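J.: Sharing a model prediction with you, sequence too.
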Amino acid sequence: MKPCTRRPKAILVPYPAQGHVTPMLKLALILHSQSFDPVLVTPEFIHRSISPMDDQTMVEVITYVPIPDNSGAGDGAPRDFFLVEKAMEDGMAVHLERHVRELDVALMVVDLLASFAIGVGNRCGVPTVGFWPAMLTTYKLVAAILELVQAGYISDSGIPQKESEIHQNPSLTTQDLPWLIGPVNAQNARFKFWTRTLHRSASLRWLLVNSFPEEEDETPIQCSRDCPTIIPIGPLTSPSPLTKNPSFWEEDATCLTWLKNQERNSVIYVSFGSWVSPIGRDKVASLALSLESTRRHFLWVLGPSWHDGLPNGFLERVRSWGRVVPWASQVEVLRDGVVGCFVTHCGWNSTVEAVQFGRRMLCWPVAGDRFVNCKYIVEVWRVRVRLGGFGEREVEDGVRLVVEDGKMGVRLAELKERMMTAKASSRAVANMAGFVKDLKRMTEDDSL
C-alpha cells in the first residue's frame with residue numbers, strides 16, 4: 001500500500017458578503033485541483049447560513065470553519081458596511097490566528113476587503129496571496145488613489161475636486177470611484193477603509209483576480225509600484241450544473257417550477273443583488289407599476305423588508321403573470337431559457353452569470369464597483385442597455401431594445417467565447433498553475 005500523501009492546507013478568508021463568499025468557494029475548488037486542502041473561514045453568522053450538506057462535492061473537498069464576529073447577527077442577513085468593518089477589525093484576527101497556527105497552514109488567500117487577515121498571515125509566517133473578486137479595472141482605480149490625489153482629481157479624503165474623465169473607453173470619471181456611496185461622511189469613511197486596505201496589501205506578492213485575462217489588455221490604468229503581481233484567474237463560474245452556489249438566505253424553489261411553464265425568452269428577471277439596499281422604496285413602487293404595465297411575465301427577487309414599497313394590490317393584480325420572491329437561485333434562474341431579459345444592479349457575479357448563460361441585460365447600477373462594470377458592458381462590450389429610470393416608458397423601451405436587438409445577442413456570444421470557452425480559460429488555468437509553481441519555488445527557497 002502506498003503511503004498517504006499529506007496535502008498542504010490553504011485557508012481562505014472572504015469578505016463576509018454573498019458576492020464575496022461565492023467566488024471564494026469556487027477558488028477553493030480550484031485550489032483543491034492544485035493539490036491543496038482548502039479551509040474556508042467565515043464569521044459564525046455566515047457559517048450558520050451556508051448549508052454545505054446540500055452539496056456533497058463541496059463538503060468532501062472544503063472544510064468549513066467558523067470564527068466569532070461578536071456582531072449579534074442571527075440569520076446571515078446583509079448588514080451595514082461599517083458594522084461589518086468594525087466586526088472584522090475588533091476581534092476576528094485573534095480567532096483567525098488561532099486557527100492558522102493550529103492547522104499548520106501552507107497558504108492563506110485573503111479577500112482584499114478582509115485585509116485584517118493579511119497581518120495574521122504575516123505574523124504566522126504563512127505565504128499570503130490577495131484575492132480580488134471583481135473586475136480588474138475597479139481594483140486598478142482603487143490602487144491609483146495616490147496618483148489621483150497627486151493629480152488633483154480627488155482630495156486627500158477621497159472627495160472629487162471636479163468631475164473629470166480619468167479613463168477613456170469606457171468613459172470613467174471621478175464620479176465612478178467605488179467609495180462614493182452615501183453622504184460625504186460615509187464616503188470619507190469608505191475612503192479610509194480603502195487606503196488602509198492598500199497599505200496592508202503592499203506586503204502581498206501576488207493578487208489573484210476574478211476577471212478574465214484579456215481584461216488586463218483592455219485596462220490601461222497603471223498600478224503604483226507597491227501593487228502586488230496581478231494574476232487573472234477568472235471569471236470563476238459554477239464548475240458544473242451539479243454544483244449550486246451556497247446561499248445565505250432560503251431560496252424560493254417554487255419559482256423554478258413556475259419558470260418551466262413559461263415560453264422561451266418571455267420572462268423579465270429582476271434582481272438587485274444581496275448586499276446594498278436595492279433601489280429605495282420610491283423606485284420599488286415605480287418599477288412595480290412599470291412591470292405591471294408591460295403585461296410581460298416577470299420574476300422579481302425582492303426582500304420582504306422592501307415589500308412595503310409595493311403599491312397597494314400589486315401582488316394580487318399581477319398574480320397571473322408575475323412572481324415576487326424573497327430570494328432565488330440565480331444560477332438556476334439564468335440557466336432557464338425562458339429568461340429573455342435580466343434587470344440587474346451590475347454586480348460582477350451577476351454579470352458573469354448572465355454572460356455564462358447568454359442572458360441579455362438591462363442595467364441599473366446601485367453602488368460601488370457596479371458603475372464601472374456597467375460602463376464596460378454598455379460602452380466597451382455593448383451587451384446590455386442602461387435604464388434611464390423606472391418609468392413605464394423607460395422600462396418598456398429598455399426591455400424592447402434588449403429583447404429585439406439581434407446584434408446584441410451576437411456580441412454576447414462573442415464575449416462569452418472570450419471569457420469562458422476552453423480556449424479562453426486556458427490562459428486563466430495557466431496563470432493559476434504558474435502562481436502555484438511560483439509559490440512552491442518561493443517556499444522551497446525559504447526553507448534552505
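T.: Sure, I can see it. Residues are numbered from 1 along each chain as shown.
J.: Could you list the low-pLDDT ranges of the stretch 251-400 of the chain?
T.: Residue ranges of the stretch 251-400 of the chain with pLDDT under 70: 275-278.
J.: average pLDDT across the helix ranked longest in the chain?
T.: In the chain, taking DSSP state H as the definition, the longest helix is helix 422-447. Here helix 422-447 scores 84 as its mean pLDDT.
J.: just checking, what packs against that helix?
T.: Judged by 3 or more CB pairs under 8 Å, 6 or more residues apart in numbering; DSSP states H and E, helix 422-447 is in contact with strand 206-209, strand 229-232, helix 406-420. (Each C-beta comes from the backbone N, C-alpha and C, glycine too.)
J.: what's the most buried one of the ones you listed?
T.: Mean neighbour count (mean count of other CB atoms under 10 Å) peaks for strand 206-209 among these, with a mean of 23.
J.: sorry, back to before: chain center to the longest helix of the chain, what's the gap?
T.: 23 Å (CA atoms, centre = their mean, to the nearest Å).
J.: by how many degrees do it and helix 406-420 diverge?
T.: Here helix 422-447 runs at 30 degrees with respect to helix 406-420, directions being taken by axes from the mean of the first three to the mean of the last three CA atoms, to 10 degrees.
J.: for helix 422-447, which positions count as buried?
T.: Neighbour counts over helix 422-447 (16 or more other CB atoms under 10 Å) mark 424-425, 428, 431-432, 435-436, 439 as buried.
J.: Distance to I230 for those residues - can I get that in a markdown table?
T.: Converted to a markdown table, the buried residues of helix 422-447 look like this (distance: CB to CB, whole Å):
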| residue | distance to I230 |
| --- | --- |
| A424 | 18 |
| S425 | 18 |
| A428 | 13 |
| N431 | 10 |
| M432 | 13 |
| F435 | 11 |
| V436 | 16 |
| L439 | 15 |
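J.: Can you tell me what sits against stretch 249-259?
T.: 49, 76-77, 267, 274, 299, 323, 325-329, 332-333, 336, 338-339 (CB atoms under 8 Å, 6 or more residues apart in numbering).
J.: Now do that stretch: distance from first to last residue.
T.: Using CA to CA, to the nearest Å, one end of stretch 249-259 lies 20 Å from the other.
J.: Might you calculate how far that stretch sits from the centre of the chain?
T.: Computed by CA atoms, centre = their mean, the separation of stretch 249-259 from the middle of its chain amounts to 22 Å.
J.: Equivalent analysis for stretch 259-276, please.
T.: 19 Å.
J.: Kindly report the same for stretch 29-36.
T.: On CA atoms, centre = their mean, the centre of stretch 29-36 falls 21 Å from the chain's centre.
J.: quick one: secondary structure of the nearest residue to L136 once chain neighbours are set aside?
T.: For L136, ignoring the flanking residues on the chain, the nearest one in space by CB to CB, 6 or more residues apart in numbering is S211 at 4.5 Å. For S211, the assignment made with DSSP: H, G, I helix; E, B strand; the rest coil gives coil.
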